[in-house]
Structure formats: C-alpha cells, structure tokens
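K.L.:
this is a predicted model, with the sequence first.
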Amino acid sequence: MTTTTTPTPATTTKLTGLTGHNTAALTGLTGWTVAKTTATYNGTPTAALESVQQRMDEVRAAQGGRATGYQSLIAVRNKLRESKTGASHPAVTVTIKKAKKQTTRVGSPKARLTRRRQDDFTAAQLVGALEDAWTAIRANHPEVPPAVIVVGSGTATRQAKHGHYAPTRWQHGDNQLAEVLISGEGLKRPVPEVLTTLLHEAAHGLANTREIKDTSRQGRWHNEKFATLAKELGLEPTKDPKLGWSPCTLRDETTKAYAQVITDLTKALKAYRHPEAIGAGKEKNSNNAVACACQCPRRIRVAKAVLELGEITCGVCESTFEPDDTNT
C-alpha cells in the first residue's frame, strides 16, 4: 500500500496586546506577520522564542544592548518564555492552531484491505442471509424445526454435497437443535439453487418433525416420502437412479413466493469456497472393510457385506454411518 501525506497547515503562535515598540521590533523578522497590536509567528512558541532570541543576539553583537528596539525584543522574549512554560502574561495571548494530518491512501481496494477494514463481503452477512431465508421457510411451514445454519466444506469426503440436515447436532441450554450445513463450494451456484438446497434440507427437517423415514442407504437414497415433503415445500423433485428423489428444482410459484429472500441472498452471497483436494497421496485400502463416519463424527470400519444389509445408526447424533473419503 502506498500512502501519501498532504502537507499540514503550520502551527501558529499569536501575540496580542502588543505596544507599537514591540511590533516595530518584530517588523521584518522572518516568520512573523505584524499588525498594529498583534504579531503572529508561523510556528510553535518554542520556534517563535528562538527566532526572537536570534534577532536579539544579532542586534546586541552589532549595536550593543542599548540599541533601539532591543528592550522591546526583551519584552517579547519574556512573554514568549512565559507562554512556553504554561504561564500567562496579562498583555499577551498565545494561540496555537493544531495541525490536522490528512492522509490519502493510494492503490486498489484490495491493496488497502486490513483485518479491520474489509470490502463489502463478510461471513456474518452471508450466514445472516441464510438464517433469514430459513426463518422465511419456517414462517411458511411452521413444522420445519429451528436450526443452526453453518457454512462449511461440502467436499471434505469423497462424495461432494451441497448441504445436510443433522437433527440434535447442537445443544442450547436444555434444548437440542438441528444443524443445516450449506456447503461453501455450492455458493458458486445461482442463488435460486442455494435456496433450493435450503428447502431440500427443510424437507428433511419436516420429516424429522413428523417422524417420517425419508431416506435409506446411509442417507443417500431419497424415497417417495421425501418427494412428497419436497413438493409440500414448493420443490419439484425428479428421480435419479442412484439418489432417488433427491434432485429438486424450484417451482415458478415458489420462486415468486420467495422473491425477496432471493434478492437478499443475492446481495449477501458474494463469495464461495474452493473444493478440498481429496485423495492426493493416499494409498489404496486393500482390505474389505469400509471406513464410515457419522455426523458427530465418530468412525467405524465395517465389512462391505454388512454395510449393504442396511443402515447403521449412531446412538449419539442419530445419523447414519456413511463411507468417508478414506475409501478408494
């Protein structure tokens, strides 16, 4: 960053209530501006005193201590000495105009960023907009439970995701709260697709409230019950051969209903997260056990044949164990 400083105005020392002899003795002295009964020096009281003392030394050396005006210079010097030490003189007022430093920063906005001064993006703004969107969804669908909204990695495991819904992940006093994760990588998508993810997770929240089992295969397969809930929240699900009814889009009427939410999200979602580098330098696992993790996360290893028999549920977070990124 390049910084340029504008020259500051000089500090001035002003003497008032002077006699004609005083002003006559100061006339022509460098740095002094003399009027009828006032004299102003373009500098501090210390500098003004040094100026007068220098003139006194010159006059004394050339003309002696009885020279015309010498006694008047002594009077001015004595008044300045009192002002310098904080004393006052009944016939003299010293005014110091404090200089104001004006600094102009030069360079691009990026070059001027500091920890305390950033551009118009903040994480708080981003999360706040997502929280407001969740509040709007709950206002339209009161059975959708409250949740803690977090933004994190969606590519930390082998299978990338745009979000997740985890019931009872957070503890607030005596209450347990769900967690809704929105992947930072997914924020690169158009804003309506981010809202679609929020509504998708809200459908899982609605299923949890109504105690409906809406997924299987470690949460990957979304069944027809999920499709029904997704439609209730304004989504249009389509069936995928590997994920079931997980893929969803916004219906036109839903886009209109959440127009203000989309506008607010557009203002706040101005950054996205880069994907994780998964699998670099890892050796292939030669045994038949599959490493799985729940949303706590706790980790277990289980034979593929056992995993294929059905879901394995964590007794702590109540989520299912899913294969993680250590499997190749």
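P.N.:
Yep, that arrived. Residues are numbered from 1 along each chain as shown.

K.L.:
from S183, how far out is S246?
P.N.:
Relative to S183, S246 is positioned 15 Å away (C-beta to C-beta, to the nearest Å). In this view, the C-beta of every residue, glycine as well, is placed from N, C-alpha and C.

K.L.:
more neighbours: those two, which one.
P.N.:
S183 (24 against 20; other C-beta atoms under 10 Å).

K.L.:
what helix or strand does the residue lying closest to the more buried one once chain neighbours are set aside sit in?
P.N.:
Counting by C-beta to C-beta, 6 or more residues apart in numbering, the nearest residue to S183 once its immediate chain neighbours are dropped is G154, at 2.4 Å. Here G154, judged by DSSP states H and E, is contained in no helix and no strand.

K.L.:
what sits against G154?
P.N.:
160-163, 181, 183-186, 273 (C-beta atoms under 8 Å, 6 or more residues apart in numbering).

K.L.:
wait, which of those is closest to Y258?
P.N.:
The closest of these to Y258 turns out to be G163 (C-beta to C-beta; 16.5 Å).

K.L.:
hey, what's the closest one bridged with?
P.N.:
Taking DSSP bridges as the rule, G163 bridges to I182.

K.L.:
so what's it up against?
P.N.:
Each residue near G163 by C-beta under 8 Å, 6+ apart is listed here: 154, 180-183, 186, 197-198, 200-201.

K.L.:
go on, L198?
P.N.:
The neighbours of L198, taking C-beta under 8 Å, 6+ apart as the test, are 130, 133-134, 137, 163, 180, 182.

K.L.:
take the residues you listed and keep only those in helices.
P.N.:
Per DSSP state H, helices hold the following members of these: 130, 133-134, 137.

K.L.:
can I get the buried part of the contacts of G154 as one PyMOL selection?
P.N.:
To isolate in PyMOL the members of the contacts of G154 that are buried, counting by 16 or more other C-beta atoms under 10 Å, one can use:
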select buried, resi 161+162+163+181+183+184+185+186+273
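
K.L.:
how about low-confidence regions in the stretch 101-250 of the chain?
P.N.:
Residue ranges of the stretch 101-250 of the chain with pLDDT under 70: 101-120, 158.

K.L.:
give me that answer again for 80
P.N.:
In the predicted model, the stretch 101-250 of the chain carries pLDDT under 80 at residues 101-122, 156-159, 217-219.

K.L.:
mind listing the helices for it?
P.N.:
123-140, 191-209, 224-232 (DSSP state H, counting those that start in this stretch).

K.L.:
can you say which of those helices is packed in most?
P.N.:
Highest mean neighbour count among the helices of the stretch 101-250 of the chain (mean count of other C-beta atoms under 10 Å): helix 191-209, with a mean of 23.

K.L.:
and the nearest residue to K225 once chain neighbours are set aside, what does it touch?
P.N.:
Leaving aside its chain neighbours, K225 sits nearest to D214 (4.8 Å; criterion: C-beta to C-beta, 6+ apart). The neighbours of D214, taking C-beta under 8 Å, 6+ apart as the test, are 203-204, 207, 222-223, 225-226, 229.

K.L.:
can you show me the strands along the stretch 201-328 of the chain?
P.N.:
For the stretch 201-328 of the chain, the strands defined by DSSP state E, counting those that start in this stretch occupy 215-216, 221-222, 235-237, 248-250, 289-293, 299-303, 322-323.
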